[in-house]
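K.L.:
Okay, sequence plus prediction incoming.
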Amino acid sequence: MDIAEMNDIDLEIYTTEVMLDIGVPAHLKGYYYLRDAIMMAEKDAEVVTSITKLMYPVIAKRYKTTDQKVERAIRNAVEISWSRGNTQTFSRLFGYSLQDGRPRPTNSEYIARVADKIRLDIKAR
């Protein structure tokens with residue numbers, strides 16, 4: 001199955017499951033911004049290359065906030081999931097985790113890797 005063939009609700013449900021498995025807390029604003037960012041990257045991988053010029057402004061407009069607040073909220077969600085999340089899932093997904101002493105991935109690395117995992121999972125169905 002191709003990601004374009006998947007309906008948006010099913011895609012959002014699967015993205016949410018992956019995010020919760022990684023350990024992104026759902027009570028954070030950044031959780032919702034991050035989910036939107038990952039879904040945008042799933043549909044168009046090129047969007048990750050211009051995250052500050054394209055992705056953050058689109059999300060900011062959708063939630064009636066600023067690009068800077070979106071970036072900060074996503075960074076906070078990534079930091080929290082990195083420090084409190086499932087280290088086995090991080091190791092499987094990124095090839096390393098906090099336990100390896102490596103710094104957390106950047107927002108764009110995190111978004112791109114999670115989106116790629118989901119895209120590949122859907123193709124494998």
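P.N.:
Right, received. Where do you want to start?

K.L.:
packing partners for the worst-scoring helix or strand of the chain on mean pLDDT?
P.N.:
Here the helix or strand of the chain ranked lowest by mean pLDDT, DSSP states H and E is helix 87-94, holding a mean of 87. Helices and strands touching helix 87-94, as assessed by 3 or more C-beta pairs under 8 Å, 6 or more residues apart in numbering; DSSP states H and E, comprise helix 8-22, helix 107-124. (Each C-beta comes from the backbone N, C-alpha and C, glycine too.)

K.L.:
for those, which one sits closest to V48?
P.N.:
helix 107-124 (4.5 Å; C-beta to C-beta).

K.L.:
picking up where we left off before, deepest-packed of the helices and strands packed on helix 87-94, please.
P.N.:
Ranked by mean neighbour count, these are led by helix 107-124 with a mean of 18 (mean count of other C-beta atoms under 10 Å).

K.L.:
Just the CA trace of it, in CSV.
P.N.:
Output of helix 107-124 as CSV, limited to C-alpha atoms (Å, rounded to 0.1, in the frame of the first residue of the first chain):
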residue,chain,number,x,y,z
ASN,A,107,13.7,18.4,15.3
SER,A,108,14.2,17.7,11.5
GLU,A,109,16.1,14.4,12.1
TYR,A,110,13.4,13.3,14.5
ILE,A,111,10.6,14.2,12.2
ALA,A,112,12.3,12.7,9.1
ARG,A,113,13.2,9.4,10.8
VAL,A,114,9.7,8.8,12.3
ALA,A,115,8.0,9.8,9.0
ASP,A,116,10.3,7.4,7.1
LYS,A,117,9.5,4.6,9.5
ILE,A,118,5.8,5.1,9.1
ARG,A,119,6.1,5.4,5.3
LEU,A,120,8.0,2.1,5.2
ASP,A,121,5.6,0.4,7.6
ILE,A,122,2.7,1.3,5.4
LYS,A,123,4.5,0.1,2.2
ALA,A,124,5.1,-3.2,3.9
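
K.L.:
and the angle for it with helix 87-94?
P.N.:
80 degrees (axes from the mean of the first three to the mean of the last three C-alpha atoms, to 10 degrees).

K.L.:
tilt between helix 107-124 and helix 8-22?
P.N.:
120 degrees.
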